[in-house]
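Colleague: Pasted the sequence and its predicted model underneath.
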Amino acid sequence: MSPPVAPPGWSRWLVPPAALSVHLSIGQAYAWSVFKPPLESALGLSGTQSALPFQVAIVMLGLSAAFGGTLVERNGPRWAMTVALVCFSSGFLISALGAATEQYWLIVLGYGFVGGIGLGIGYISPVSTLIKWFPDRPGMATGIAIMGFGGGALIASPWSAQMLESFGADHSGIALAFLVHGTAYAVFMTLGVLLVRVPRTARSTAAAGPAAVTGVQVSARSAVRTPQFWCLWVVLCMNVTAGIGILEKAAPMITDFFAGTSTPVSVTAAAGFVALLSAANMAGRIGWSSTSDLIGRKNIYRLYLGAGALMYALIALFGDSSKPLFILCALVILSFYGGGFATIPAYLKDLFGTHQVGAIHGRLLTAWSTAGVLGPLIVNWIADRQEEAGRHGSDLYSLSLFIMIGLLAVGFVANELVRPVHARHHVPAPKETADVAARQQPESA
């Protein structure tokens with residue numbers, strides 16, 4: 001499938017909506033918790049078992065992005081969006097069959113394995129194209145698309161809940177809800193497949209080879225051999241681990257923090273808190289990534305990691321004494337969590353160029369797979385151990401919060417170690433463009 005080249009006069013502002021149609025769809029992953037209680041009741045599952053499809057999906061997201069990144073670069077965004085559409089929608093259809101026949105392994109296979117591949121390929125599908133369309137504002141461009149992934153749950157959560165209420169929360173109702181999801185998302189993602197275009201300059205660049213691109217250019221194979229790549233891997237992993245620790249445990253955490261106070265948090269209020277966190281996650285993806293175009297990528301990650309550690313310290317020390325303080329700090333942390341995802345493609349572009357930035361981004365997303373397991377494991381395991389020891393309230397989370405501060409400090413140090421990529425890793429440039437490339441070498445990351 002050849003990448004569709006934009007005709008003369010094509011507006012680059014049509015590309016972000018194409019990316020959004022994919023990211024808003026696959027962002028449903030953050031709404032998986034809606035299906036957990038019905039599945040546990042209908043199929044007799046434990047909480048750990050009902051979380052398995054989501055965990056497998058996040059692991060497959062990172063792995064498919066890592067191994068499929070080069071194919072995405074080679075075949076273009078339309079091919080990638082088509083693969084994402086087929087896998088993500090098929091995952092729901094397989095899950096529908098599993099729910100209808102009460103075969104839970106089919107739900108894990110469908111939503112987790114097959115759908116997870118769609119998540120990974122879909123997540124990176126528009127990144128390289130957006131950066132090429134918006135070389136002047138790469139942070140804003142990728143932020144618009146990746147904002148959709150953070151905001152997908154705002155649509156999917158009430159929609160899924162309404163379907164389960166209408167169809168029933170038994171296995172047949174869940175199956176019908178999965179079927180509707182798979183069909184509806186296929187239609188919506190098709191809009192992106194049909195609308196996406198690559199800039200005309202991108203075709204001439206690809207035809208002429210990587211050396212035709214001016215500025216620092218590093219291949220994906222070379223990038224993973226640089227210390228800069230692994231510093232950014234640590235930065236992303238630490239930032240995501242800290243954010244997902246709150247996101248995954250948000251409702252019970254705020255309930256526990258204020259359970260013994262004069263202002264306990266109701267179930268409805270806890271659900272509203274989760275919605276607020278999703279909104280902060282989404283807003284941070286466009287707001288902070290756009291800010292990075294003005295103040296630089298290293299500086300914005302100093303904010304994410306340094307101020308994020310401060311927010312965790314405030315929650316740990318004073319969170320149970322002030323509900324507004326707890327909520328404000330959590331919202332800031334989740335905005336940094338979302339902003340970190342949206343800013344990382346532009347950071348990669350600054351360091352490695354646009355030659356294979358999509359493939360490099362895919363490899364870096366293995367940090368997300370690691371953090372997706374690490375963050376919830378830290379918070380849940382420690383909370384369980386503290387509860388067994390007879391502790392309650394905010395004491396269940398104090399140790400976890402201080403661990404998150406330590407992880408953010410590690411990420412802060414890794415960010416400080418980022419330097420421009422050594423010339424030995426650059427794609428060789430012809431003599432006539434060598435001087436131009438040297439002038440475009442960034443002075444600092």
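Modeller: Perfect, thanks for sending it.
Colleague: Listing request: residues of the stretch 201-350 of the chain with sub-threshold pLDDT.
Modeller: Low-confidence segments of the stretch 201-350 of the chain, defined by pLDDT under 70, span residues 201-215.
Colleague: all helices of it, in order?
Modeller: 220-223, 227-248, 250-257, 267-295, 297-302, 308-318, 323-352 (DSSP state H, counting those that start in this stretch).
Colleague: what helix or strand is T48 on?
Modeller: Assigned by DSSP states H and E, T48 falls within helix 47-75.
Colleague: what's the average pLDDT for that helix?
Modeller: On average, the pLDDT along helix 47-75 is 85.
Colleague: Can you get me the start-to-end distance on stretch 130-142?
Modeller: Stretch 130-142 has an end-to-end distance of 6 Å (C-alpha to C-alpha, to the nearest Å).
Colleague: sorry, that was for stretch 256-264
Modeller: Stretch 256-264 has an end-to-end distance of 9 Å (criterion: C-alpha to C-alpha).
Colleague: just how off-centre is that stretch within its chain?
Modeller: Relative to the centre of its chain, stretch 256-264 is centred 32 Å away, using C-alpha atoms, centre = their mean, to the nearest Å.
Colleague: The helices of the stretch 201-350 of the chain: which one's closest to V180?
Modeller: Closest approach to V180 among these (C-beta to C-beta): helix 267-295, 21.7 Å. (Each C-beta comes from the backbone N, C-alpha and C, glycine too.)
Colleague: Compute the inter-axis angle for the closest one and helix 250-257.
Modeller: 110 degrees (axes from the mean of the first three to the mean of the last three C-alpha atoms, to 10 degrees).
Colleague: What residues of helix 267-295 count as buried?
Modeller: In terms of neighbour count (16 or more other C-beta atoms under 10 Å), helix 267-295 has its buried residues at 270, 273-274, 277-293.
Colleague: What's the separation between the spatially most central residue of the chain and W288?
Modeller: Nearest to the mean C-alpha position of the chain, by C-alpha atoms, centre = their mean, lies F341 at 5.5 Å. According to C-beta to C-beta, to the nearest Å, F341 stands 10 Å off from W288.
Colleague: Could you do H422 as well?
Modeller: 29 Å.
Colleague: Likewise for R297?
Modeller: 11 Å.
Colleague: can you list residues touching both of these two?
Modeller: Counting by C-beta atoms under 8 Å, 6 or more residues apart in numbering, the common neighbours of R297 and W288 are T343.
Colleague: Leaving out chain neighbours, which residue sits closest to the residue nearest to the centre of the chain?
Modeller: Excluding the flanking residues, the one nearest F341 by C-beta to C-beta, 6 or more residues apart in numbering is I146, at 5.4 Å.
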